[in-house]
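Novice: Okay, sequence plus prediction incoming.
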Protein chains: 2
Amino acid sequence: MEEQKVYEIERSLRMIAQMIKQKGREILNQFPITPPQFIALQWLSEKGDMTIGDLSGRMYLAFSTTTDLIDRMEKNDLVERVRDQNDRRVVRIHLLDKGKKIIEEVIIQRQEYLKDILYIFSDEDVDFLEKNLHHLYEEMKRKRGK
Amino acid sequence: MEEQKVYEIERSLRMIAQMIKQKGREILNQFPITPPQFIALQWLSEKGDMTIGDLSGRMYLAFSTTTDLIDRMEKNDLVERVRDQNDRRVVRIHLLDKGKKIIEEVIIQRQEYLKDILYIFSDEDVDFLEKNLHHLYEEMKRKRGK
């Protein structure tokens, strides 16, 4: 395997991810949320209910900054604070339907963006990309599991 | 073009980007910097010298948080503050060699990681991935330019 090709693939993947992310940020202008709020929604969508402590750790933000962020999101009905049934001292942040809906919309718009770009690719090439990117991701998961 | 395939490609690209990003964060443990410091290094590497105001806007951090971040990075010789030659009131943050070196190292390690994963792909498949991901990125740039 030519090393140069690996470098090119790494660079393309990095640049593509950045373009899609930038596109995602443009899309966010249509919603009443800021990018850090969207990142918080993504974490909650991925990991389920989280404490403010967990969330501030994941987002590399100070506890007080994360508290302010969640306060604004709660006012906006994107999330709610929920007390743990077994330990009432523990409060977790729970994603509400309005928050879920925004994540879904952003993903749909990313798909639309990609569809626009892939339009010029042949069916065979789209087919190959689909299969090989899936394979690449599966292999990454497999290696991580080891 | 089957829509389902576009969705799968979007998902794979999103997941692969996340895996490489996570891997990048593990790699950061080997360096004396935090993830937000690394993100600041990336912005400075990409855009050149920036004011704290620009940087805090790009990173969606408060001005005071960004100032603290840059103070720590300056103590660590990753960046330095430079006064504008024409307007001495303007101060910009300049990336130093130690900072550049860290970015390069992280990219090298991402490449090594990807090489490890691509090992099981045939030469033809690596070749195809390289060409088509490059094509995809070029098309994204072309569409953005319009």
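Specialist: That came through fine.

Novice: what's the burial count for A:V6?
Specialist: 22 (other Cβ atoms under 10 Å in any protein chain shown). C-beta here means a position set from N, CA and C on the backbone, and glycine is covered the same way.

Novice: Then A:L133?
Specialist: A:L133 has 22 neighbours, counted by other Cβ under 10 Å.

Novice: ditto for the one 10 residues further on
Specialist: Using other Cβ under 10 Å, A:K143 is surrounded by 15 other residues.

Novice: same deal with A:K75?
Specialist: A:K75 has 9 neighbours, counted by other Cβ under 10 Å.

Novice: And the pLDDT for it?
Specialist: Looking at A:K75, its pLDDT stands at 96.

Novice: Pass me the low-pLDDT residue ranges in chain A, would you?
Specialist: Counting by pLDDT under 70, the low-confidence segments of chain A come to A:1, A:146.

Novice: Need the three-state assignment for the residue sitting nearest the centre point of it.
Specialist: For chain A, the residue nearest the mean C-alpha position is A:Q42 (4.6 Å; Cα atoms, centre = their mean). Assigned with DSSP: H, G, I helix; E, B strand; the rest coil, A:Q42 falls in the helix class.

Novice: distance between the helix or strand containing A:Q109 and the chain's centre?
Specialist: Element membership of A:Q109 [criterion: DSSP states H and E] is helix A:97-118. Chain-centre distance of helix A:97-118: 11 Å, with Cα atoms, centre = their mean, to the nearest Å.

Novice: ok, then the element right after it?
Specialist: Note on helix A:97-118: by DSSP H and E, the next helix or strand toward the C-terminus is helix A:123-145.

Novice: Sort out which residues of that following helix are buried, please.
Specialist: Buried residues in helix A:123-145, defined by neighbour count with 16 or more other Cβ atoms under 10 Å in any protein chain shown: A:125-126, A:128-130, A:132-137, A:139-140.

Novice: burial measure for the residue lying closest to A:P35 once chain neighbours are set aside, as a count.
Specialist: In space, not counting the residues next to it along the chain, A:P35 is nearest to B:Y60; the distance is 5.2 Å by Cβ to Cβ, 6 or more residues apart in numbering or on different chains. Per other Cβ under 10 Å, the neighbour tally for B:Y60 reads 15.

Novice: who's in contact with B:Y60?
Specialist: B:Y60 makes contact with A:34-36 under the criterion Cβ atoms under 8 Å, 6 or more residues apart in numbering or on different chains.

Novice: What is the helix ranked longest in chain A packed up against?
Specialist: In chain A, assigned by DSSP state H, the helix with the most residues is helix A:3-28. Secondary-structure packing of helix A:3-28 (3 or more Cβ pairs under 8 Å, 6 or more residues apart in numbering or on different chains; DSSP states H and E): helix A:35-47, helix A:97-118, helix B:3-28, helix B:97-118, helix B:123-145.

Novice: out of the ones you listed, which comes closest to A:Y7?
Specialist: Using Cβ to Cβ as the measure, helix B:97-118 is the one of these that comes nearest A:Y7, at 5.5 Å.

Novice: can I get the CA coordinates of the closest one in PDB?
Specialist: This file holds the C-alpha atoms of helix B:97-118, laid out as PDB (Å, rounded to 0.1, in the frame of the first residue of the first chain):
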ATOM      1  CA  ASP B  97       7.200  26.300  16.100                       C
ATOM      2  CA  LYS B  98       6.300  24.200  19.200                       C
ATOM      3  CA  GLY B  99       2.600  24.700  18.400                       C
ATOM      4  CA  LYS B 100       3.100  23.900  14.700                       C
ATOM      5  CA  LYS B 101       5.000  20.700  15.700                       C
ATOM      6  CA  ILE B 102       2.100  19.500  17.800                       C
ATOM      7  CA  ILE B 103      -0.300  19.900  14.900                       C
ATOM      8  CA  GLU B 104       2.000  18.000  12.600                       C
ATOM      9  CA  GLU B 105       2.500  15.200  15.100                       C
ATOM     10  CA  VAL B 106      -1.300  14.800  15.500                       C
ATOM     11  CA  ILE B 107      -1.800  14.600  11.800                       C
ATOM     12  CA  ILE B 108       1.100  12.100  11.400                       C
ATOM     13  CA  GLN B 109      -0.500   9.900  14.100                       C
ATOM     14  CA  ARG B 110      -3.900  10.100  12.400                       C
ATOM     15  CA  GLN B 111      -2.300   8.900   9.200                       C
ATOM     16  CA  GLU B 112      -0.600   6.000  11.100                       C
ATOM     17  CA  TYR B 113      -4.000   5.100  12.600                       C
ATOM     18  CA  LEU B 114      -5.700   5.200   9.200                       C
ATOM     19  CA  LYS B 115      -2.800   3.100   7.700                       C
ATOM     20  CA  ASP B 116      -3.500   0.500  10.300                       C
ATOM     21  CA  ILE B 117      -7.100   0.300   9.400                       C
ATOM     22  CA  LEU B 118      -6.600   0.400   5.600                       C
END
